[in-house]
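Participant: After the sequence you'll find the predicted model.
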Amino acid sequence: MKFSKQREMILNQVKMFPVHPTADQVYTALKADNPNLSLGTVYRNLNLLSEMGELLKIRIADGSDRFDGRTDSHYHMVCDKCSRVFDVELSELDGLNDTVSQKYGHKLTMVTLNLNGVCCECARC
């Protein structure tokens, strides 16, 4: 699928964001310089980019989906206090696909894992 100017702009904004943004945060960041941009366009493009594998969509229970410009294998921790989403590297789970395959015969296509807790900043508060 061809990348439109808006789609590329949305993808780049997610990749530049210091946190895992919601669609509303992406829209707010882009709207001032792009007055014709609609929130619906941002939602549609974020969902399409995640379906295409260009972004990860992080589903948050009882919250807005977040988007991640990193598409490599990693996990996420959601802070129960500030609701920020952090990348977590867990090499201990690197063999999970093989373990599930050997033990149950299932072939995993994707593993998503959200950890919930309190981030180090909030824990100091």
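Facilitator: Nice, I can see it. Numbering: from 1, shown residues only.

Participant: domains of this protein?
Facilitator: Here the domain assignment for the chain is 5-68, 75-123, based on automatic domain parsing.

Participant: most packed of these?
Facilitator: domain 5-68 (a mean of 16; mean count of other CB atoms under 10 Å). Bear in mind the C-beta positions are built from the backbone N, C-alpha and C, glycine included.

Participant: Looking at that domain now, give me its mean pLDDT.
Facilitator: The average of the pLDDT scores along domain 5-68 is 94.

Participant: Determine how far the last residue of it lies from the first.
Facilitator: Start-to-end span of domain 5-68 (CA to CA, to the nearest Å) is 19 Å.

Participant: As a check, name the ranges of all helices in this structure.
Facilitator: 5-16, 23-31, 39-51, 96-104, 120-123 (DSSP state H).

Participant: With distance to residue 72 added, can I get those in TSV?
Facilitator: Below are the helices of the chain laid out as TSV (distance: least, CB to CB, whole Å):
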stretch	distance to residue 72
helix 5-16	13
helix 23-31	21
helix 39-51	15
helix 96-104	14
helix 120-123	23
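
Participant: who wins for proximity to residue 81 among those?
Facilitator: Smallest distance to residue 81 across the helices of the chain (CB to CB): 4.0 Å, for helix 120-123.
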